[in-house]
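Enquirer: Using only what follows, build the 3D model:
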Amino acid sequence: MDPPAAKRSRGCPAGPEERNAGAGAVRGRGRPEALLDLSAKRVAENWAFEQVEERFSRVPEPVQKRIVFWSFPRSEREICMYSSLGYQPPEGEHDARVPFTRGLHLLQSGAVDRVLQVGFHLSGNVREPGGPGEPERLYHVSISFDRCKITSVTCGCDNRDLFYCAHVVALSLHRIRHAHQVELRLPISETLSQMNRDQLQKFVQYLISAHHTEVLPTAQRLADEILLLGSEINLVHGAPDPTAGAGIEDANCWHLDEEQIQEQVKQLLSNGGYYGASQQLRSMFCKVREMLRMRDSNGARMLILMTEQFLQDPRLALWRQQGAGMTDKCRQLWDELGALWVCVILSPHCRPEERTSWLQLLSKWDKLDVCPLEEGNYSFDGPSLQPTAALIPGPEEEVMAMAAGSRHTVFGRALQAGSLHWSDDHLQRILASDSYSPNLTGNGGSDKPTFDPQGRPLWLGEPFPTTCARVDTLRAHGYPRQALRLASAIVNTLRLQQRHQLQIYKQQKKELLQKGSTCITNMEGWVGHPLDPIGCLCRALLEACRLEEETLAIYPGGPFSGFGEVLFRESVPMHTCARYLFTALLPHDPDLAYRLALRAMRLPVLETAFPAGEPPSNPLDSIMSNRFPRWFILGHLETRQCELASAMLTAAKGDPKWLHAVLGSIQQNIHSPALLFKLAQDACKTATPASAPPDTTLLGIALELGLQVMRMTLNTMTWRRREMVRWLVSCATEIGPQALMNIMQNWYSLFTPVEAATIVAVTGTTHATLLRLQLDAARREELWACARTLALQCAMKDPQNCALPALTLCEKNQAAFEAAYQIVLDAAAGGLGHAHLFTVARYMEHRGLPLRAYKLATLALAQLSIAFNQDSHPAVNDVLWACSLSHSLGRHELSAIVPLIIRSIHCAPMLSDILRRWTLSAPGLGPLGARRAAKPLGADRAPLCQLLDAAVAAYITTSHSRLTHISPRHYSDFIEFLGKARETFLLAPDGHLQFAQFLENLKQTYKGKKKLMLLVRERFG
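Expert: Prediction:
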């Protein structure tokens, strides 16, 4: 809820005091402020004005004016915070649409006028220029304030946003920058107390007259209540004054539009699939952190509002019902929300009652069914930063940790943070001084070391993520120096930990090198951790001026770091750092640069999930353990790994030794086909500059990477496969004909039959490819022979999809063409579908081979079956084409196909259509057939008489079938069907008699359908 407006009841004050005290706020430079101003500042900042009036029976008017004057906010930082983005935009990209920027422009252009401060209420007009062709707009702005905080705002622009509008900003900045120019009045109740009865009546009547349309009903209602002696209004002492400031019990916080926050978060969550929505929600998280840093109570208040909307996201219930995980973007937002709550609960300066209320809220949310679980079930009480055997938890500790994490929600860490405190004496000393050393204090009998051998402070006994959460909390609440001191203590602890690891490594080096990994492990991984401990630590160090000393202390790593000889399982990948070091070292020591970068290429979170040399069977298996990062983190790490590999490939151009070393590292460590394909493309582009000869070694590397991608994605098809195959052929073309023929000869392990026949063989023999290769006749024929062999092999393996491409490719070679044709015939016997056979048959006719087309058409018809009610069967056009082909070839071919038609087609309209087409002209008169007959065939003679009998029988069968379940609305369709049947019956010499007998049979059989039979008699007699 917003804090109550600055309205409270005030009784009639004592008689008037001195009213001529100066109200100037600006003192000359070098002159001390008056004691009155110094006192008024402190009172205005910490006391509600009601408290002042209750404490002192009489407050002189000059004192009241100075308190009222100093009660308005004096800093522009808060105004900017409540009217600008939650993050700093890039330099040179200041958004002119941000309210603070617009308000500043309005102030500087003189748009603010008629500013009046009455008590704790500020009002004024702001003129805003209109757009092209639009008039200037005038907005009236009102601001209430109390104890140096703006408590409510009203503007005629009806702004609906999280931020104060530009007009509120302009008026506020005018009051801060030009305070001496603002007309100042005491609260209106003070002015009214100076008036007699006649003046009061005149004042009220003038006020009503000036605003009678707005206030007249309210004025009359109040007058009636006042005249009624027993009314509630007469039982209350004094009257409300909106200019008198807040009461003692009123909340003192900046104005925050709760309803608008809830609405905007709800809307952004509903658009969660869009990048902009996630960015705006992160901006709101940044705004919460900014408020916490300013010690503004609205920080926690805004976080509560956002959390409530997050929990009302309808997708949570849907994901829970479906048993599906939330999206990566949504998971990241929940992680940040949980981390923010840890910062709020760990606040070093919050009141105990505040923390208790927050923990109660979190506990209530934690019990909700829709409350998301923390992915991976990380245990909050993980291994602490101990430099000794504490880093290796025993089996009992692991079982307890797993049992404790049976249901760990995103708020679990914040709830457990409620048991943490800042009262530890050693911690307080670390935070208090940069020079804390053993000389100032001893260990005091502590069971854990507090300083390293060099006398630098350590912070032990807490899990690393928890300790880093303390650093994040200190930064979030405006304690940057203390955060840096604690971060330095953590770095000292990590450094000591690395020394102990080095000792272990030296003692067990032989065994560890043989195993290839260490037995040291954390209960939870630091990469992708919900609290982002590494990010918290690095941000604290990067923010400080002591960057060089603290951050570089992390980079040497140790024997088990990302640069170590043996991998520590939770080593932070060093790809970005290694790429920088590789670039820096390359001009001075290339061997060292390559050795360091190649060692950093390893990605421990993927490598240690499986025994050495055994790749994961499923990419998802690599993150099943809770030590491994989630997908969105893993993708980021793999991208950085790819960038390092690309930098090495580019630098190694012309150096075969390092090129092959980099290739081996890439093949061993990069497991993403998409990233391998990108590396192959980059290598090919680098190897073939426009103005220089190609680098054959680098081209070979690119081709080898492309072949690996083909092998990896052969059985897990991706939408980019066609692009990858085309690129591979072009890359092989750049190398030469032998490379192209090699991929054709080994296509089984690289491509599917369809890809090989339709892309590889075709692209490899196009005119453009042959020109590019510049082959002589013999070599060109060798390439063609290789492509034809490939096509025939594909046709044998997948005749359904590859037969036609194989025939097309073998057109110019008679032997190969005959072999492809025979493959089709063999496949027809093995079940090749009629649709594919018809397609190949049409191709044969187009090639001028009608007899082969006829052969394939008959094979297709033998597999076809069209039922009596399938008038719109997809093969209708193919059947009609086949019939036309056989008719054009002659009477012999026509006679041979008639039995196939009768056996395959039972649809009466289709049979009658074929019969009529064949009776229109003599057989053998088509463009493909020789002239054999002079006149058309008769329907009552062989071979068409068989087809006529089949058509008549089909009409009779279909009629009985339709009449079995016919409804009245289909009567007219049936009458039309009988009309077509009569036309077919009449093709026979005794057709008229047959049709009459057929009708009589129908009338006797279905005489119960009186209406239908009546229609039959009307149409056919």
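Enquirer: what are the ranges of the helices in the stretch 551-700 of the chain?
Expert: Taking DSSP state H, counting those that start in this stretch as the criterion, the stretch 551-700 of the chain contains helices spanning 575-585, 590-600, 604-607, 631-651, 656-669, 673-687, 696-713.
Enquirer: The stretch 851-1000 of the chain too?
Expert: Applying DSSP H, counting those that start in this stretch to the stretch 851-1000 of the chain gives helices spanning 876-889, 891-904, 908-920, 944-964, 971-985, 991-1005.
Enquirer: and if you look at the stretch 51-200 of the chain?
Expert: 61-70, 76-81, 99-108, 166-177, 188-192, 197-210.
Enquirer: quick one: the shortest one to chain centroid distance?
Expert: Helix 188-192 sits 58 Å away from the centroid of its parent chain (C-alpha atoms, centre = their mean, to the nearest Å).
Enquirer: Now do the buried residues in it.
Expert: Within helix 188-192, the residues that qualify as buried are 188-190, 192, counting by 16 or more other C-beta atoms under 10 Å. From N, CA and C alone the C-beta is placed, and that goes for glycine too.
Enquirer: Lys266: which of those is nearest?
Expert: Nearest to Lys266 out of the buried residues of helix 188-192 is Ile188 (C-beta to C-beta; 39.6 Å).
Enquirer: who's in contact with the nearest residue to the closest one once chain neighbours are set aside?
Expert: Nearest non-adjacent residue to Ile188, counting by C-beta to C-beta, 6 or more residues apart in numbering: Thr243, 5.0 Å away. Contacts for Thr243 were tallied using C-beta atoms under 8 Å, 6 or more residues apart in numbering; they are 6, 118-121, 187-189.
Enquirer: which residues touch stretch 673-691?
Expert: Residues external to stretch 673-691 that are found in contact with it (C-beta under 8 Å, 6+ apart): 638-639, 641-642, 645-646, 649-650, 653, 666, 670, 694-696, 698-699, 701-703, 705-706, 708-709, 712-713, 718, 720, 724, 727, 731, 734.
Enquirer: if we can go back for a sec, include pLDDT and distance to Arg602 when you put the contacts of Thr243 into CSV, please.
Expert: Output for the contacts of Thr243, formatted as CSV (pLDDT from 0 to 100; distance: C-beta to C-beta, whole Å):
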residue, pLDDT, distance to Arg602
Ala6, 41, 64
Val118, 89, 71
Gly119, 86, 69
Phe120, 86, 65
His121, 87, 66
Pro187, 83, 72
Ile188, 81, 75
Ser189, 79, 76
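Enquirer: Just the ones in strands from these, please.
Expert: If you go by DSSP state E, the contacts of Thr243 have 118, 121 in strands.
Enquirer: what about burial for the contacts of Thr243, which qualify?
Expert: Members of those classed as buried by 16+ other C-beta under 10 Å are 6, 118-121, 187-189.
Enquirer: Give me the neighbour count for the nearest residue to Leu699 once chain neighbours are set aside.
Expert: Of all residues not flanking Leu699 in the chain, Ala687 sits nearest, at 4.5 Å (C-beta to C-beta, 6+ apart). When neighbours are defined as other C-beta atoms under 10 Å, Ala687 has 27 of them.
Enquirer: From Pro694, how far out is Ala687?
Expert: The gap separating Ala687 from Pro694 is 5 Å, by C-beta to C-beta, to the nearest Å.
Enquirer: Which neighbours do these two have in common?
Expert: By C-beta under 8 Å, 6+ apart, no residue touches both Ala687 and Pro694.
Enquirer: Pull the residues that contact stretch 737-749.
Expert: Stretch 737-749 has contacts (C-beta under 8 Å, 6+ apart) with 703, 707, 711, 714, 728-729, 732-733, 750, 756, 760-761, 764, 769, 773, 775, 779, 782-783, 786-787, 789-790, 793-794.
Enquirer: picking up where we left off before, list only those of the contacts of stretch 673-691 flagged as buried.
Expert: 638, 641-642, 645-646, 649, 653, 666, 670, 695, 698-699, 701-703, 705-706, 708-709, 712-713, 724, 727, 731, 734.
Enquirer: does the residue nearest the centre of the chain belong to a helix or a strand, and which?
Expert: Among the residues of the chain, Lys329 comes closest to the average C-alpha position under C-alpha atoms, centre = their mean, at 4.7 Å. Using DSSP states H and E, Lys329 sits in helix 328-345.
Enquirer: May I see the buried residues of the next helix-or-strand element following that helix?
Expert: Next along the chain after helix 328-345, taking DSSP H and E as the criterion, comes helix 352-366. Within helix 352-366, the residues scored as buried using 16+ other C-beta under 10 Å are 355, 358-359, 361-362, 365-366.
Enquirer: Next, the angle helix 328-345 makes with helix 352-366.
Expert: 150 degrees (axes from the mean of the first three to the mean of the last three C-alpha atoms, to 10 degrees).
Enquirer: Tell me which other helices or strands helix 352-366 touches.
Expert: helix 298-311, helix 328-345, helix 412-417 (3 or more C-beta pairs under 8 Å, 6 or more residues apart in numbering; DSSP states H and E).
Enquirer: Do I have it right that Ala244 meets Gly119?
Expert: Yes. Checked against C-beta atoms under 8 Å, the pair Ala244 and Gly119 is within contact range at 5.7 Å.
Enquirer: what's the overlap in contacts for those two?
Expert: With C-beta under 8 Å, 6+ apart, Ala244 and Gly119 have common neighbours Pro187.
Enquirer: so who does the residue nearest to Leu368 when sequence neighbours are not counted touch?
Expert: Closest residue to Leu368 apart from its sequence neighbours, by C-beta to C-beta, 6+ apart: Leu311 at 6.3 Å. If a contact means C-beta under 8 Å, 6+ apart, then Leu311 has 365, 368, 370-371 as its contacts.
Enquirer: can you tell which of the helices of the stretch 51-200 of the chain is closest to Cys148?
Expert: helix 61-70 (7.8 Å).
Enquirer: Pull out the buried positions in the closest one.
Expert: Those would be 61-70, for helix 61-70 by 16+ other C-beta under 10 Å.
Enquirer: still on that earlier bit, JSON lines for the helices of the stretch 551-700 of the chain, including distance to Cys286 and mean pLDDT?
Expert: What follows is the helices of the stretch 551-700 of the chain, written out as JSON lines (distance: least, C-beta to C-beta, whole Å; pLDDT from 0 to 100):
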{"stretch": "helix 575-585", "distance to Cys286": "23", "mean pLDDT": "81"}
{"stretch": "helix 590-600", "distance to Cys286": "32", "mean pLDDT": "87"}
{"stretch": "helix 604-607", "distance to Cys286": "29", "mean pLDDT": "65"}
{"stretch": "helix 631-651", "distance to Cys286": "19", "mean pLDDT": "84"}
{"stretch": "helix 656-669", "distance to Cys286": "36", "mean pLDDT": "91"}
{"stretch": "helix 673-687", "distance to Cys286": "31", "mean pLDDT": "92"}
{"stretch": "helix 696-713", "distance to Cys286": "40", "mean pLDDT": "92"}
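Enquirer: would you turn these into a markdown table with distance to Asp296?
Expert: As requested, the helices of the stretch 551-700 of the chain are exported to a markdown table (distance: least, C-beta to C-beta, whole Å):
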| stretch | distance to Asp296 |
| --- | --- |
| helix 575-585 | 35 |
| helix 590-600 | 43 |
| helix 604-607 | 39 |
| helix 631-651 | 31 |
| helix 656-669 | 48 |
| helix 673-687 | 44 |
| helix 696-713 | 53 |
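Enquirer: Show me what the helix or strand encompassing Leu1012 is packed up against.
Expert: Per DSSP H and E: Leu1012 is located in helix 1010-1020. Judged by 3+ C-beta pairs under 8 Å, 6+ apart, the packing partners of helix 1010-1020 are helix 971-985, helix 991-1005.
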